[in-house]
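1. Dropping a prediction and its sequence here:
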Amino acid sequence: MCAIIIPEKHMHYPVLLKEIISIISPQYGGTFIDCTFGQGGHSSKILEFSNTKIIALDRDKDTLKKSLDIKRNFENRFIYKNLKFSQLNNLKLKNENVKAVLFDLGYSYIQIKDKKKGLSFDSKGELNMKMGLNDFSASDVINRLSQKELEEIFKFFGEERENKKIAFRIVQERKEKVINTEHLVRIIQSTKKIKNYKIHSATKVFQALRIFVNKEISELIYGLINATKVLKKDGIIAVVSFHSIEDKIVKYFFKTLSETKSISRYMPKVDSKKNLLKVIVKKPILPSAREIKENPSSRSAKLRYAVKKQDFYDFETDILDKFKYLIDIENYSKKI
Ligand SMILES: C[S@@+](CC[C@H](N)C(=O)[O-])C[C@H]1O[C@@H](n2cnc3c(N)ncnc32)[C@H](O)[C@@H]1O
């Protein structure tokens, strides 16, 4: 067993590291796909085990520098691609023995601290929130979509109860001038009646905008579908989510594919009584009290994982239908 390195305060901290390592078992070697490379915390730990290989993806090209540091030490065992994980199936993986696919969703400490990305409410200037490989920014959303569309984005992606009032004020105020980050925070603070002193009043709207700008719903859904396709039999999909919408999607995907009915009826050779995935632990794995103390932003993390039990790639899932109402909202971006 390997020791966990506890980083200094304010450094990037790979969430649920010990738990993930014990689930994906890199000590037996194989190829691991890290869909959310970030600062390489999980990838680096896996590479400490000989006979492992990492294929790392990240949509944020600012993660390239860190990838080059790792590449120097693990020339033949590390591949990095600036790619969205929804496109995982475009990797040429013919002879790879993919043992696990890891998703550590959301954003990193480095990204939230990067004022240019505008992910936090103390950012200044033009609204942004693009994590990388985006088609539009939060400024386009706030300044161009209709009141109704903004309401729904805030309601469904942020669970913001005061979505209507906030959307109304935005539409009024943008008649005067383009709304930037400080202006949006002021609008939210002065509009909201319900005060929650534990979280910043702009948290929910900012979450909603980040999800919308980065199309995080369809990214996750296609990421899960494609991860299931590239995995080998007995391989593991492990997902760390940070908010209830993500967790709901992951839970539904794992649950329905571990029920008999989800196996493709178009694949006659496959014994339809078997399930594609196996969920070993039904409840999500949460960070320990010690981890939350070291890294408070891990407090909302939930880890779920499933094992692929069939070595075939074609399967049916109704996940796109199930979450169509969210994808329809994401598609408001077509009007930008
Ligand atoms: C929480 S951080 C991952 C941290 C990483 N596990 C580590 O230990 O350093 C999430 C990373 O995923 C990336 N990301 C988010 N959505 C993505 C997507 N759809 N495709 C590829 N990368 C994504 C972000 O840019 C960010 O760097």
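-> Yes, it's here.

2. centroid residue for this protein?
-> The chain has L105 as the residue nearest its centroid, 2.7 Å off, counting by Cα atoms, centre = their mean.

3. In contact with that one, which residues?
-> With contact set as Cβ atoms under 8 Å, 6 or more residues apart in numbering, L105 has these partners: 36, 216, 220, 239-242, 246. The C-beta positions use only the backbone N, C-alpha and C, and glycine is treated the same way.

4. how is the chain carved up into domains?
-> Using automatic domain parsing, the domain ranges for the chain come out as 17-110+216-314, 135-213.

5. Out of those domains, which gets the lowest mean score?
-> Of all the domains of the chain, the minimum mean pLDDT falls on domain 17-110+216-314 (a mean of 92).

6. Any residue of that domain touching the ligand?
-> Yes. On the criterion Cβ under 6 Å from any ligand atom, domain 17-110+216-314 is in touch with the ligand at 35-36, 38-42, 57-60, 63, 84-85, 104, 106-108, 219.

7. for that domain, how far is the first residue from the last?
-> Here the two ends of domain 17-110+216-314 are set 31 Å apart, with distance taken as Cα to Cα, to the nearest Å.

8. nearest to R169, of the contacts of L105?
-> E216 (25.1 Å; Cβ to Cβ).

9. who's in contact with the closest one?
-> 105, 210, 246.

10. so of the contacts of L105, which ones are in helices?
-> Judged by DSSP state H, helices contain the following of the contacts of L105: 216, 220, 246.

11. between those residues, which is nearest the ligand?
-> For the ones in helices among the contacts of L105, the residue nearest the ligand by Cβ to the nearest ligand atom is E216; the value is 6.7 Å.

12. can I have stretch 30-43 written out in CSV, keeping just the CAs?
-> The C-alpha trace of stretch 30-43 is given here as CSV (Å, rounded to 0.1, in the frame of the first residue of the first chain):
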residue,chain,number,x,y,z
GLY,A,30,-2.7,-1.5,-17.1
THR,A,31,-3.9,1.6,-18.9
PHE,A,32,-5.8,4.2,-17.0
ILE,A,33,-7.7,7.1,-18.6
ASP,A,34,-7.8,10.2,-16.4
CYS,A,35,-10.5,12.3,-18.1
THR,A,36,-9.9,15.3,-15.9
PHE,A,37,-6.1,15.6,-15.6
GLY,A,38,-6.1,19.1,-13.9
GLN,A,39,-2.9,19.4,-12.0
GLY,A,40,-2.2,15.7,-12.4
GLY,A,41,-2.8,14.7,-8.8
HIS,A,42,-4.5,11.4,-9.6
SER,A,43,-2.4,10.6,-12.7
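
13. That one: how far from the chain's middle?
-> 13 Å (Cα atoms, centre = their mean, to the nearest Å).

14. my guess is F78 contacts R72, does it?
-> No. Using Cβ atoms under 8 Å, F78 is not in contact with R72; the gap is 9.4 Å.

15. Tell me which of these two has more neighbours.
-> A count of neighbours by other Cβ atoms under 10 Å puts F78 above the other of F78 and R72, at 24 against 9.

16. and M129, that one's in a helix?
-> No. M129: not assigned to a helix; according to DSSP: H, G, I helix; E, B strand; the rest coil it is coil.

17. excluding its backbone neighbours, what's nearest it?
-> A138 (4.0 Å; Cβ to Cβ, 6 or more residues apart in numbering).

18. wait, what's in contact with the one you found?
-> 118, 127-130, 209-210, 212-213.

19. Next, the contact list for Q111, please.
-> 38, 60, 62, 117, 119, 131.

20. The fourth one belongs to a helix, doesn't it?
-> No. Assignment of K117 by three-state DSSP gives coil, placing it outside any helix.

21. close enough to count as contact, it and E126?
-> No. K117 is beyond contact range of E126, at 11.4 Å (criterion: Cβ under 8 Å).

22. the more surrounded of those two?
-> Taking neighbours as other Cβ under 10 Å, K117 and E126 compare with K117 leading, 20 against 15.

23. Which stretches in the stretch 101-250 of the chain count as helices?
-> 109-113, 138-144, 147-152, 158, 163-173, 181-191, 203-213, 216-230, 244-257 (DSSP state H, counting those that start in this stretch).

24. Find the pair from the contacts of L105 with maximum spatial separation.
-> Maximum distance among the contacts of L105 (Cβ to Cβ): 13.8 Å, for E216 and V240.

25. Could you double-check that I20 sits in contact with H42?
-> Yes. In terms of Cβ under 8 Å, I20 counts as a neighbour of H42; the distance is 6.3 Å.

26. how many neighbours does the closest residue to L57 other than its chain neighbours have?
-> Distances taken as Cβ to Cβ, 6+ apart put L83 closest to L57, at 4.8 Å, once the chain neighbours are dropped. L83: 18 surrounding residues under other Cβ under 10 Å.
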